[in-house]
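Trainee: please find the sequence and the predicted model below.
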Amino acid sequence: MKTRLHYAKTGVYDAMDSLDQYLGNCSLEKSLLDLVRLRASQINGCAYCLDMHWKDLRVAGENEQRLYSLDAWRECPYYSDRERAALEWTEAVTRIEGHVPEGVYEEVRGLFSDKELCDLTLAVAAINAWNRLSIAARLVPGGYQPAKAEAAS
(Lines give C-alpha, C1' and ligand atoms only; values in the text may rest on other atoms or scores of the structure.)
Protein backbone atom coordinates (compact mmCIF):
# COMPACT_ATOMS: atom_id res chain seq x y z
CA MET A 1 0.00 0.00 0.00
CA LYS A 2 1.24 3.47 -0.84
CA THR A 3 0.15 6.76 0.73
CA ARG A 4 -2.01 8.73 -1.70
CA LEU A 5 -2.44 12.12 -0.05
CA HIS A 6 -0.07 14.22 2.03
CA TYR A 7 -2.24 16.43 4.22
CA ALA A 8 0.70 18.09 5.99
CA LYS A 9 1.62 19.83 2.75
CA THR A 10 -1.86 21.38 2.40
CA GLY A 11 -2.63 22.73 5.88
CA VAL A 12 -5.35 20.17 6.60
CA TYR A 13 -3.42 18.84 9.60
CA ASP A 14 -3.27 22.34 11.08
CA ALA A 15 -7.07 22.52 11.17
CA MET A 16 -7.38 19.07 12.72
CA ASP A 17 -4.58 19.78 15.20
CA SER A 18 -6.63 22.71 16.53
CA LEU A 19 -9.36 20.24 17.49
CA ASP A 20 -6.83 17.95 19.13
CA GLN A 21 -5.31 20.84 21.08
CA TYR A 22 -8.74 21.73 22.44
CA LEU A 23 -9.42 18.10 23.34
CA GLY A 24 -6.02 17.83 25.03
CA ASN A 25 -7.21 20.42 27.54
CA CYS A 26 -10.88 19.48 27.73
CA SER A 27 -12.93 18.23 30.67
CA LEU A 28 -12.33 14.53 29.96
CA GLU A 29 -9.52 12.33 31.18
CA LYS A 30 -6.91 11.45 28.56
CA SER A 31 -7.28 7.71 29.14
CA LEU A 32 -10.99 7.90 28.31
CA LEU A 33 -10.33 9.96 25.18
CA ASP A 34 -7.72 7.45 24.01
CA LEU A 35 -10.07 4.51 24.62
CA VAL A 36 -12.81 6.26 22.62
CA ARG A 37 -10.35 7.00 19.80
CA LEU A 38 -9.28 3.37 19.65
CA ARG A 39 -12.88 2.08 19.64
CA ALA A 40 -13.99 4.43 16.85
CA SER A 41 -10.91 3.46 14.85
CA GLN A 42 -11.85 -0.22 15.27
CA ILE A 43 -15.35 0.45 13.97
CA ASN A 44 -14.05 2.43 11.01
CA GLY A 45 -11.25 -0.01 10.20
CA CYS A 46 -8.55 2.66 10.24
CA ALA A 47 -5.27 0.75 10.39
CA TYR A 48 -3.11 3.83 10.91
CA CYS A 49 -5.21 5.12 13.82
CA LEU A 50 -5.48 1.65 15.38
CA ASP A 51 -1.68 1.44 15.42
CA MET A 52 -1.38 4.96 16.85
CA HIS A 53 -3.97 4.74 19.61
CA TRP A 54 -3.01 1.23 20.67
CA LYS A 55 0.59 2.42 21.11
CA ASP A 56 -0.50 5.60 22.93
CA LEU A 57 -2.62 3.58 25.36
CA ARG A 58 0.19 1.09 26.02
CA VAL A 59 2.70 3.89 26.67
CA ALA A 60 0.18 5.44 29.08
CA GLY A 61 0.11 2.13 30.99
CA GLU A 62 -3.19 0.73 29.75
CA ASN A 63 -3.77 -2.95 30.54
CA GLU A 64 -3.40 -5.21 27.50
CA GLN A 65 -6.40 -7.31 28.53
CA ARG A 66 -8.63 -4.23 28.23
CA LEU A 67 -7.14 -3.40 24.84
CA TYR A 68 -7.54 -6.93 23.49
CA SER A 69 -11.15 -7.01 24.66
CA LEU A 70 -12.22 -3.55 23.55
CA ASP A 71 -14.07 -4.84 20.49
CA ALA A 72 -16.22 -6.94 22.86
CA TRP A 73 -16.43 -4.44 25.74
CA ARG A 74 -20.09 -5.23 26.48
CA GLU A 75 -19.21 -8.82 27.41
CA CYS A 76 -16.17 -7.98 29.56
CA PRO A 77 -15.95 -6.83 33.18
CA TYR A 78 -12.86 -4.67 32.61
CA TYR A 79 -14.54 -1.30 31.97
CA SER A 80 -16.09 1.18 34.39
CA ASP A 81 -19.68 2.40 34.03
CA ARG A 82 -18.35 5.74 32.79
CA GLU A 83 -16.18 4.03 30.16
CA ARG A 84 -19.09 1.84 29.09
CA ALA A 85 -21.31 4.88 28.64
CA ALA A 86 -18.57 6.66 26.64
CA LEU A 87 -18.06 3.58 24.46
CA GLU A 88 -21.81 3.28 23.86
CA TRP A 89 -21.96 6.96 22.90
CA THR A 90 -18.91 6.54 20.65
CA GLU A 91 -20.54 3.67 18.79
CA ALA A 92 -23.87 5.49 18.42
CA VAL A 93 -22.24 8.68 17.11
CA THR A 94 -19.81 6.79 14.85
CA ARG A 95 -22.47 4.53 13.36
CA ILE A 96 -25.06 7.30 13.21
CA GLU A 97 -28.07 5.53 11.74
CA GLY A 98 -30.75 8.18 11.67
CA HIS A 99 -30.28 9.52 15.19
CA VAL A 100 -28.45 8.67 18.39
CA PRO A 101 -30.99 6.58 20.35
CA GLU A 102 -32.67 8.28 23.30
CA GLY A 103 -31.71 5.39 25.61
CA VAL A 104 -28.02 5.85 24.82
CA TYR A 105 -28.34 9.58 25.51
CA GLU A 106 -30.07 8.95 28.85
CA GLU A 107 -27.36 6.47 29.87
CA VAL A 108 -24.50 8.82 29.10
CA ARG A 109 -26.27 11.84 30.68
CA GLY A 110 -26.26 10.09 34.02
CA LEU A 111 -22.46 9.87 34.03
CA PHE A 112 -21.30 12.98 32.17
CA SER A 113 -21.93 16.68 32.73
CA ASP A 114 -23.15 18.85 29.83
CA LYS A 115 -19.59 20.07 29.23
CA GLU A 116 -18.17 16.55 29.35
CA LEU A 117 -20.80 15.24 26.95
CA CYS A 118 -20.10 18.07 24.53
CA ASP A 119 -16.38 17.33 24.76
CA LEU A 120 -17.00 13.61 24.30
CA THR A 121 -19.11 14.26 21.21
CA LEU A 122 -16.41 16.50 19.75
CA ALA A 123 -13.80 13.82 20.48
CA VAL A 124 -15.87 11.21 18.64
CA ALA A 125 -16.43 13.58 15.71
CA ALA A 126 -12.70 14.38 15.58
CA ILE A 127 -11.51 10.76 15.57
CA ASN A 128 -14.08 9.91 12.91
CA ALA A 129 -12.68 12.76 10.80
CA TRP A 130 -9.10 11.57 11.42
CA ASN A 131 -10.12 8.02 10.47
CA ARG A 132 -11.66 9.20 7.23
CA LEU A 133 -8.65 11.34 6.35
CA SER A 134 -6.25 8.47 7.10
CA ILE A 135 -8.28 5.87 5.21
CA ALA A 136 -8.70 8.12 2.16
CA ALA A 137 -4.97 8.91 2.14
CA ARG A 138 -4.06 5.25 2.72
CA LEU A 139 -1.68 6.17 5.51
CA VAL A 140 0.55 3.18 6.16
CA PRO A 141 0.46 1.90 9.76
CA GLY A 142 3.48 0.82 11.74
CA GLY A 143 5.72 3.85 11.79
CA TYR A 144 3.98 5.87 14.50
CA GLN A 145 5.99 6.34 17.70
CA PRO A 146 4.32 7.76 20.82
CA ALA A 147 5.90 10.89 22.28
CA LYS A 148 8.37 10.18 25.07
CA ALA A 149 6.78 12.94 27.18
CA GLU A 150 3.53 10.98 27.24
CA ALA A 151 5.37 7.95 28.61
CA ALA A 152 6.51 9.97 31.62
CA SER A 153 3.06 11.33 32.49
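Mentor: Received, thanks. Numbers count the residues shown, from 1 in each chain.
Trainee: just the element for the closest residue to V12 other than its chain neighbours, please.
Mentor: For V12, ignoring the flanking residues on the chain, the nearest one in space by Cβ to Cβ, 6 or more residues apart in numbering is L133 at 7.0 Å. Where C-beta positions appear, they are placed from N, C-alpha and C, glycine not excepted. Secondary-structure assignment from DSSP states H and E places L133 in helix 114-137.
Trainee: and that helix, what's buried?
Mentor: The neighbour-count check on helix 114-137 (16 or more other Cβ atoms under 10 Å) flags 116-117, 119-121, 123-124, 126-128, 130-131, 133-135 as buried.
Trainee: looking at those residues, spot the one nearest P141.
Mentor: Sorting those by distance to P141 puts S134 at the head of the list, at 8.9 Å, by Cβ to Cβ.
Trainee: quick check: that closest one touching Y48?
Mentor: Yes. Counting by Cβ atoms under 8 Å, S134 does reach Y48; the two are 4.4 Å apart.
Trainee: point out where this structure drops to low pLDDT.
Mentor: Along the chain, the parts satisfying pLDDT under 70 run over 148-153.
Trainee: point to the residue nearest the middle of it.
Mentor: Centrality entry for the chain: nearest residue to the mean C-alpha point is R37, 0.9 Å, by Cα atoms, centre = their mean.
Trainee: phi, psi for that residue please.
Mentor: Its backbone dihedrals place R37 at phi -60, psi -40, with angles given as degrees, to the nearest 10.
Trainee: distance of it relative to E106?
Mentor: From R37 across to E106, the span is 24 Å (Cβ to Cβ, to the nearest Å).
Trainee: same check on W89?
Mentor: Using Cβ to Cβ, W89 is found at 11 Å from E106.
Trainee: neighbour count for those two, which is higher?
Mentor: W89 (24 against 10; other Cβ atoms under 10 Å).
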